[in-house]
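K.L.:
when you get a sec, could you give me coordinates for this:
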Amino acid sequence: FREIYYDPSFIWRVDGVGNVDVESVAVHEAGHGLSQGHFGNIFRRNDGTFDASPRAVMNAFYQAPFRALAGTDNGGHCSNWASWPNN
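P.N.:
Numbers count the residues shown, from 1 in each chain. Below is the predicted model of the structure:
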């Protein structure tokens with residue numbers, strides 16, 4: 001059993017424009033509920049913004065709406081659950 005809490009101090013939106021996209025965060029947090037950890041490297045660009053490589057739902061920070069699982073997300077899920085229910 002896992003619980004997921006959403007911070008009420010954020011302004012949640014379904015389009016993510018100017019605020020935090022609740023659907024993107026829900027997919028990310030559901031990944032944690034399925035034993036996924038954070039993935040990829042975070043780096044700072046010359047203009048001071050941050051980026052992640054490779055881009056994935058399970059990156060360690062929220063950048064912009066991103067709801068579709070990337071190859072790295074699928075790979076992590078498959079490695080966690082490949083031997084289920086015998087693990």
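
K.L.:
all strands of the chain, in order?
P.N.:
Along the chain, counting by DSSP state E, strands occupy 12-13, 20-21, 41-44, 50-53.

K.L.:
G76: how many residues sit nearby?
P.N.:
Using other C-beta atoms under 10 Å, G76 has 22 neighbouring residues. Quick note: C-beta positions are derived from backbone N, CA and C, even for glycine.

K.L.:
tell me the contacts of it?
P.N.:
Contact analysis of G76 by C-beta atoms under 8 Å, 6 or more residues apart in numbering lists G31, Q36, G37, F39, M58.

K.L.:
and among the strands of the chain, the most buried is which?
P.N.:
Looking across the strands of the chain with neighbours counted as mean count of other C-beta atoms under 10 Å, the highest average goes to strand 20-21: a mean of 18.

K.L.:
and that one, what does it pack onto?
P.N.:
Using 3 or more C-beta pairs under 8 Å, 6 or more residues apart in numbering; DSSP states H and E, the elements in contact with strand 20-21 are strand 12-13.

K.L.:
average pLDDT for the strand it packs on?
P.N.:
What strand 12-13 shows for mean pLDDT is 89.

K.L.:
who touches that strand?
P.N.:
Y6, N19, V20, D21, V22, V25.

K.L.:
please name the residues that touch the second one.
P.N.:
Residues counted as contacts of N19 (C-beta under 8 Å, 6+ apart) are F10, I11, W12, R13.

K.L.:
same question for the first one.
P.N.:
Y6 sits next to W12, V22, V25, E29 when contact means C-beta under 8 Å, 6+ apart.

K.L.:
doesn't I11 make contact with the second one?
P.N.:
No: with contact defined as C-beta atoms under 8 Å, V22 does not reach I11; the gap is 10.0 Å.

K.L.:
of those two, who's got more company?
P.N.:
Neighbour totals were compared for V22 and I11, and V22 leads with 17 against 9 (other C-beta under 10 Å).
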